[in-house]
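> What shape does this take:
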Amino acid sequence: MRATFPFSAIVGQDDMKRALLIAAIDPGIGGVMVFGDRGTGKSTAVRALAALLPPIRAVKGCAYHCDPDIDKGACTVDCPSRSGAGAFETEDLPTPVVDLPLGATEDRVVGALDLEQALTRGEKRFEPGLLARAHRGFLYIDEVNLLEDHLVDLLLDVAASGENVVEREGLSVRHPARFVLIGSGNPEEGELRPQLLDRFGLSVDVRTPTAIADRVAVVRQRDAFDRDPKAFVAAWAKKDAAIRDRLVEARAARREVSVPDSIIEHAAALCVKIGSDGLRGELTLIRAARAYAALEEADTVTLAHLRAVALPSLQHRLRRNPLDDVGSAPRIERALAEMFDA
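I've put the predicted structure just below:
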């Protein structure tokens with residue numbers, strides 16, 4: 001099995017790493033959109049995070065690796081959990097990470113009729129797609145801004161509902177499809193439609209490091225990993241284990257973290273001040289702040305937690321002002337300073 005670069009060994013890119021951790025703690029946030037240059041560690045960070053997560057317990061023999069506690073009976077007829085006997089085996093599987101290629105067809109994404117089975121045996125059988133493989137894991141789309149719009153719409157709808165429904169060619173199939181949607185792209189190659197970008201929970205910008213020390217550190221880390229992957233992974237295993245423990249504890253504690261009314265009022269006031277459309281901004285802001293507070297082992301969300309997640313939660317939800325020559329990030333930072341620094 002090919003070794004995965006350790007999450008804790010990634011140099012810099014703190015905003016991206018924090019956003020990925022928050023999305024892993026609360027998948028309901030809606031995933032992460034990462035804009036930035038090529039070669040800045042986007043795909044490396046996604047795979048590294050999935051690799052440090054604990055194994056998932058799944059129904060043995062299920063093509064959708066269903067959760068035996070949550071998904072029991074919710075899957076298709078092929079799932080052993082729907083058997084009349086009521087007893088089924090379970091197994092531990094690594095958290096799935098699925099790449100969605102730009103040329104993928106809708107059938108490959110959602111699943112379709114198994115033509116070989118239909119032609120040779122005359123049976124209608126569903127062939128699971130990429131959404132089934134990504135259930136309970138990560139679905140990573142590189143250059144999502146180049147993906148066809150109808151596929152992006154489909155992916156965002158499934159990510160929001162947590163269920164994939166396929167009704168075609170005489171088939172009627174539904175199966176759970178809960179995953180963390182991670183999109184990445186280079187703005188120079190085309191922009192994502194605003195109404196689609198708004199559906200992502202968090203958005204971060206990553207840049208190629210300009211400090212010589214950081215660039216040297218990246219080269220050294222990668223060179224050491226390429227020369228001896230096992231030794232490099234072992235050297236960082238303790239730090240990765242610490243992140244894993246924090247992540248598992250944060251997942252369990254997230255629902256118990258309280259959010260004072262004053263924090264909700266500040267979130268609403270910030271969204272009004274920057275002109276965020278709809279209420280999705282406030283909802284994401286509060287969920288992200290709660291997840292981040294849980295990651296920081298806090299019992300209550302504070303203004304510090306709110307400020308830390310404000311930029312990734314809101315910067316992609318602002319309408320462009322043709323009279324304002326600054327981007328959305330400076331506008332949010334300016335609003336935060338005016339509201340909280342006084």
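> for stretch 60-72, what is the average pLDDT?
If you average the pLDDT over stretch 60-72, you get 76.
> how about stretch 223-235 as CSV, C-alpha atoms only?
Below are the C-alpha coordinates for stretch 223-235, written out as CSV (Å, rounded to 0.1, in the frame of the first residue of the first chain):
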residue,chain,number,x,y,z
ASP,A,223,12.4,15.0,-0.5
ALA,A,224,12.7,13.1,2.8
PHE,A,225,9.3,11.5,2.1
ASP,A,226,10.1,10.5,-1.4
ARG,A,227,13.4,8.9,-0.3
ASP,A,228,12.1,6.8,2.5
PRO,A,229,8.3,7.1,2.9
LYS,A,230,8.0,4.6,5.8
ALA,A,231,10.6,6.3,7.9
PHE,A,232,9.1,9.7,7.2
VAL,A,233,5.6,8.6,8.1
ALA,A,234,6.9,6.9,11.3
ALA,A,235,8.7,10.1,12.3
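> can you pull the buried residues of it?
225, 232-233 (16 or more other C-beta atoms under 10 Å). From N, CA and C alone the C-beta is placed, and that goes for glycine too.
> Going by residue numbers, what spans are strands in the chain?
Shown for the chain, the strands assigned by DSSP state E span residues 32-36, 56-59, 90-93, 97-99, 111-113, 126-128, 137-142, 163-168, 171-176, 179-185, 202-206.
> Ok, which of those strands comes nearest residue 11?
Relative to residue 11, the nearest member of these by C-beta to C-beta is strand 202-206, separated by 12.1 Å.
> got any ranges where the stretch 51-200 of the chain has weak pLDDT?
Per-residue confidence for the stretch 51-200 of the chain (pLDDT under 70) gives these ranges: 71-87, 113-125, 168-171, 190, 193-196.
> surely residue 186 meets residue 42?
No. The pair residue 186 / residue 42 is not scored as a contact, 10.1 Å apart, by C-beta atoms under 8 Å.
> Between the two, which contacts overlap?
Taking C-beta atoms under 8 Å, 6 or more residues apart in numbering as the contact criterion, the common neighbours of residue 186 and residue 42 are residue 36.
> Please name whichever of the strands of the chain is nearest to residue 254.
Smallest distance to residue 254 across those (C-beta to C-beta): 14.5 Å, for strand 179-185.
> picking up where we left off before, neighbour count: residue 186 and residue 42, which is higher?
Between residue 186 and residue 42, counting by other C-beta atoms under 10 Å, residue 42 is the more crowded of the two (24 against 15).
> right, and the more buried one touches residue 185 too?
No. Contact criterion C-beta under 8 Å: residue 42 and residue 185 do not qualify, at 9.3 Å.
> Touching both of these two, which residues are there?
Common neighbours of residue 42 and residue 185 are listed as 34, 142 (criterion: C-beta under 8 Å, 6+ apart).
> What's the local residue count around the nearest residue to residue 174 once chain neighbours are set aside?
Here the nearest residue to residue 174 in space, its sequence neighbours aside, is residue 165; by C-beta to C-beta, 6 or more residues apart in numbering that works out to 4.6 Å. Using other C-beta under 10 Å as the criterion, residue 165 is surrounded by 13 other residues.
> do residue 102 as well
The burial count assigned to residue 102 is 12, neighbours taken as other C-beta under 10 Å.
> ditto for residue 105
For residue 105, using other C-beta under 10 Å, the count is 11.
> how distant is the longest helix anywhere in the chain from the center of its chain?
Among the segments of the chain that qualify as a helix by DSSP state H, the longest is helix 229-253. Taking the mean of its C-alpha atoms, helix 229-253 sits 18 Å from the chain's own mean (C-alpha atoms, centre = their mean, to the nearest Å).
> From the contact counts, what lies against it?
Here helix 229-253 is seen to pack against helix 14-25, helix 42-52, helix 212-227, helix 280-295 when contacts are counted using 3 or more C-beta pairs under 8 Å, 6 or more residues apart in numbering; DSSP states H and E.
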